[in-house]
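> Structure for this input, please:
(one chain, ligands or ions: 2)
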Amino acid sequence: MQPLRHVLKAQGSPRWGPLTPASWLLLKNFRAHGGLPSTANPSPERQEDGVPKDFSSRLATGPTFQDFLRSASGPQEEPSSPEAEDPPPYLTVDELLGRQRKVYLETYGCQMNVNDTEIAWSILQKSGYLRTSNLREADVVLLVTCSIREKAEQTIWNRLRQLKVLKTKRPLSRVPLRIGILGCMAERLKEEILNREKMVDLLAGPDAYRDLPRLLAIAESGQQAANVLLSLDETYADVMPVQTSRSATSAFVSIMRGCDNMCSYCIVPFTRGRERSRPVASILEEVRKLSEQVKSSPGYSVLFSLSQGLKEVTLLGQNVNSFRDSSEVQFNNAVSTNLSRGFTTNYKMKQGGLRFAYLLDQVSRVDPEMRIRFTSPHPKDFPDEVLQLIDERHNICKQIHLPAQSGSSRVLEAMRRGYSREAYVELIHHIRESIPGVSLSSDFIAGFCGETEEDHLQTVSLLREVQYNMGFLFAYSMRQKTRAYHRLQDDVPGEVKKRRLKELISVFREEATKANKNSVGSSQLVLVEGLSKRSATDLCGRNDGNLKVIFPDTEMEDVTNPGLRVRAQPGDYVMVKITSASSQTLKGHVLYRTTLKDSSAYC
Ligand code: 5AD
Ligand code: SF4
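Ligands and ions are numbered 1, 2, ... in the order given. Predicted coordinates:
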């Protein structure tokens, strides 16, 4: 049988060049892994499992070019739940079902990937798959991958080598193990992965998770399948993610996807596509559900299960504060966008739509006992209305991530960040005046193209000047396709990058310790998460600034029920007196149990 390959461009050609060739759907009919055409090698297990033997021949004669066009453009025009759609004519409904196959999902990279894992799982669960946390039990292993730095991809290649052993040693009595690569690495490398690692069965880019049941059905026949089509409007608005986040108290809610900023070092716009926002109404519906959801904390007794809904929501996106819901036409007037003072964009200014301040306001009204955070923002999108709202609303955390990337204006220009060091520092002052007590964090890259020792020292001095409470620091890693790859030289030697990174980390720690020590003696409201990992007699939680706070598990008064003595449970708000601080943790002793609303009345 001849290999069948269709490459289609995404509908609605994007305005920038690079995404057009990257936006494609690929269905490959590679030969079965044993090297024989898949029709010649039907596995006995598959027959037992009910996938008809003539699958490959139907696949070859089944789809027309129009079928592929439909499958490529359908979800883009009208996002709808997969089970509501008619199956493609060459797959039966039965073949699209998971038939109780066990899926093992492994997540790498950022919080967006954790959320994507929950979306992918939600889609597979509805298709009849089961989830397992035991790799040995799995029939399908899906890796949700990250491409941001070379090291992240190297980790996946190493993991694939281990999975290959698992796949080849699998007893014939079991269905063959299927391996899939999801997310950014699938999008960046596309068929290169299938060519390099023949035992990978499927690829799904970040906008193709709705297609997973179909891709898995093709993989079941022993063929490789891929969908790396980028969408202009996929937000998975109707897919309620199955929340499996860090604790029983908090959840992440995706509000937008993609990025239009095109910072010169960054692969994200190429792997996650154009910026698009989820409609406000669907975000609010998810937040309301989370606020009502009763969730028990793994590892705790019934005593420790939350009596009410979740207590913290983090709004999630590559560029959360660029949020712009244009789905409701009445709001699409020509109101211009307010940027932070001294900041510019790399793209033509957008107009209209419901902006981040509106969303934040609405989300914070859902539940007065629910803390609201957001990540990751870009410094350009902090107009005064956002800052005022954060200051005024008792349940919006006074915590802002403000990725600087460098302290040198020269490097910032090469990075195409759209601001100078001076504009950034002015914004920091403005934020500190607008939101007294605000906690600040940042991202920095050491050793970007052309960075001199003097540029590096400017970054050191910015770390000292701002004294961040939290920081995420990385050595520069050149990524193909980016502007820096095409136009700049990765000329800082590896050893120098490492040394500069080490220096930045050490200065950051020193300054964060100083900043955090300022809170010794203060009383801080802590949302309890559960037992401390290091000690069974201590509890841990987070303060408003998102710093970890550890305190002994002792009895305390409940100020909302005078006379009542209680022990803290996950989901409780407790006031903790801070007695010591390091660069990453605060320690203290508990004073009393309270509520978010009551505690703000005394602040
Ligand atoms: N090399 C190193 N760090 C990078 N980041 C993004 N791209 C790169 C790269 N090519 C960092 C930035 C960003 C964070 C998520 O990852 O600091 O804010
Ligand atoms: Fe990458 Fe963030 Fe810049 Fe977007 S804003 S290109 S995600 S670093």
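
> Tell me the residues on this structure that lie near ligand 1, please.
148-149, 265-266, 403, 405, 443, 445, 474, 476-477, 479 (Cβ under 6 Å from any ligand atom). From N, CA and C alone the C-beta is placed, and that goes for glycine too.

> Of those residues, which belong to strands?
Counting by DSSP state E, those place 443, 445, 474 in strands.

> bridging residues for the second one?
Just to be clear, that refers to residue 445. Counting by DSSP bridges, residue 445 is bridged to residue 474.

> re the thing from before, of the residues of the chain next to ligand 1, list those near ligand 2.
residue 266.

> ok, and the most crowded of the residues of the chain next to ligand 1?
Highest neighbour count within those, by other Cβ atoms under 10 Å: residue 445, with 27 neighbours.

> For it, give me its contacts.
265, 405-406, 415, 473-476 (Cβ atoms under 8 Å, 6 or more residues apart in numbering).

> Which helix or which strand is home to the spatially most central residue of the chain?
Centroid-nearest residue in the chain, with Cα atoms, centre = their mean: residue 112, separated by 0.6 Å. Using DSSP states H and E, residue 112 maps to helix 111-126.

> Which other helices and strands does that helix contact?
Helices and strands touching helix 111-126, by 3 or more Cβ pairs under 8 Å, 6 or more residues apart in numbering; DSSP states H and E, are strand 102-107, strand 130-131, strand 140-145, strand 178-183, helix 212-220, strand 250-254, strand 312-316.

> Now do the third one against strand 102-107, angle only.
When axes from the mean of the first three to the mean of the last three Cα atoms, to 10 degrees is applied, the directions of strand 140-145 and strand 102-107 differ by 10 degrees.

> Show me what the mean pLDDT comes to for strand 140-145.
Throughout strand 140-145, pLDDT has a mean value of 98.

> Return the list of helices and strands in contact with the next helix or strand after it.
Using DSSP H and E, the helix or strand that follows strand 140-145 in sequence is helix 150-168. Using 3+ Cβ pairs under 8 Å, 6+ apart as the contact definition, the elements that helix 150-168 packs against are strand 140-145, strand 178-183.

> List the buried residues of the first one.
Looking back up the chat, that one is strand 140-145. Buried residues in strand 140-145, counted by 16 or more other Cβ atoms under 10 Å: 140-145.

> For those, work out which two are farthest apart.
Farthest pair in the buried residues of strand 140-145 (Cβ to Cβ) is 140 and 145. Separation: 15.5 Å.

> quick one: pLDDT of residue 336?
Residue 336 is assigned 70 on the pLDDT scale.

> for residue 509, that is, sorry about that
pLDDT recorded at residue 509 is 97.

> elements contacting the helix or strand containing it?
Assigning secondary structure by DSSP H and E places residue 509 in helix 494-517. Using 3+ Cβ pairs under 8 Å, 6+ apart, the elements in contact with helix 494-517 are strand 439-446, helix 453-466, strand 470-475, strand 573-581.

> so which of these gets nearest residue 290?
Closest approach to residue 290 among the helices and strands packed on helix 494-517 (Cβ to Cβ): strand 573-581, 16.9 Å.

> Mind exporting the C-alpha coordinates of that closest one to CSV?
Taking Å, rounded to 0.1, in the frame of the first residue of the first chain, the C-alpha atoms of strand 573-581 are listed here in CSV:
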residue,chain,number,x,y,z
TYR,A,573,-7.9,30.3,56.2
VAL,A,574,-5.8,30.7,59.3
MET,A,575,-3.8,33.7,60.6
VAL,A,576,-0.2,32.8,61.1
LYS,A,577,2.4,34.9,63.1
ILE,A,578,5.7,34.8,61.1
THR,A,579,8.7,33.9,63.1
SER,A,580,11.4,33.2,60.5
ALA,A,581,12.0,33.4,56.7
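
> could you point out which element follows it?
strand 585-594.

> ok, that following strand: who's next to it in the sheet?
The strands beside strand 585-594 in its sheet (DSSP bridges) come out as strand 548-552 (parallel), strand 555-558 (parallel), strand 573-581 (antiparallel).

> which strands and helices sit next to the helix or strand following it?
The helix or strand immediately downstream of strand 585-594 is helix 596-602, counting by DSSP H and E. For helix 596-602, the packing partners by 3+ Cβ pairs under 8 Å, 6+ apart come out as strand 573-581.

> Let me know the angle separating the strand it packs on from helix 494-517.
Using the same axes, to 10 degrees, the inter-axis angle of strand 573-581 relative to helix 494-517 is 120 degrees.

> show me the contacts for the closest residue to residue 267 other than its chain neighbours.
Nearest residue to residue 267, sequence neighbours excluded (Cβ to Cβ, 6 or more residues apart in numbering): residue 479, at 4.2 Å. Going by Cβ under 8 Å, 6+ apart, residue 479 touches 147-150, 265-267, 485.

> Let me see the confidence value for residue 479.
Per-residue pLDDT puts residue 479 at 98.

> now it: how far from residue 163?
25 Å (Cβ to Cβ, to the nearest Å).

> Same check on residue 182?
Applying Cβ to Cβ to residue 182 and residue 163 gives a distance of 14 Å.

> any idea which element residue 407 lies in?
Counting by DSSP H and E, no helix or strand carries residue 407.

> Contacts only, for the nearest residue to it once chain neighbours are set aside.
Distances taken as Cβ to Cβ, 6+ apart put residue 462 closest to residue 407, at 3.1 Å, once the chain neighbours are dropped. Residues near residue 462 by Cβ under 8 Å, 6+ apart: 404, 406-407, 421, 424-425.

> My guess is the residue nearest to the centre of the chain contacts residue 316. True?
Yes - taking Cβ atoms under 8 Å as the definition, residue 112 is a contact partner of residue 316 at 6.3 Å.

> any residues in contact with both of these two?
Taking Cβ under 8 Å, 6+ apart as the criterion, residue 112 and residue 316 both touch residue 254.

> and the gap between the closest residue to residue 441 other than its chain neighbours and residue 172?
Of all residues not flanking residue 441 in the chain, residue 470 sits nearest, at 3.6 Å (Cβ to Cβ, 6+ apart). Note on residue 470: its distance to residue 172, by Cβ to Cβ, is 51 Å.

> higher neighbour count, the two?
residue 470 (19 against 9).

> so that one touches residue 515, yeah?
No - if you go by Cβ under 8 Å, residue 470 and residue 515 don't touch, sitting 9.5 Å apart.

> in the chain, what spans have low per-residue confidence?
1-93, 96, 243-247, 294-308, 329-335, 601-603 (pLDDT under 70).

> who's sitting farthest from the centroid in it?
The C-alpha centroid of the chain is most remote from residue 563, which lies 43.7 Å away (Cα atoms, centre = their mean).

> On the three-state scheme, that one is what?
Under the three-state scheme (DSSP: H, G, I helix; E, B strand; the rest coil), residue 563 adopts coil.

> for it, what are its contacts?
Taking Cβ under 8 Å, 6+ apart, we find residue 563 in contact with residue 557.

> Let me know the distance separating it from residue 598.
Distance of residue 563 to residue 598, given as Cβ to Cβ: 16 Å.

> Also residue 518?
Taken as Cβ to Cβ, the span from residue 518 to residue 598 is 25 Å.

> Look at those two and report which has more neighbours.
Each of residue 518 and residue 598 has its neighbours counted (other Cβ under 10 Å); residue 598 has more, 15 against 12.

> roughly how far apart are that one and ligand 2?
Going from residue 598 to ligand 2 by Cβ to the nearest ligand atom, to the nearest Å gives 38 Å.

> Equivalent analysis for residue 176, please.
Counting by Cβ to the nearest ligand atom - residue 176 and ligand 2 are separated by 37 Å.

> Am I right that that residue is in contact with residue 219?
No - look at residue 176 against residue 219 with Cβ under 8 Å: they stay out of range, at 9.2 Å.

> where do the contact lists of these two overlap?
Taking Cβ under 8 Å, 6+ apart as the contact rule, residue 176 and residue 219 touch no residue in common.
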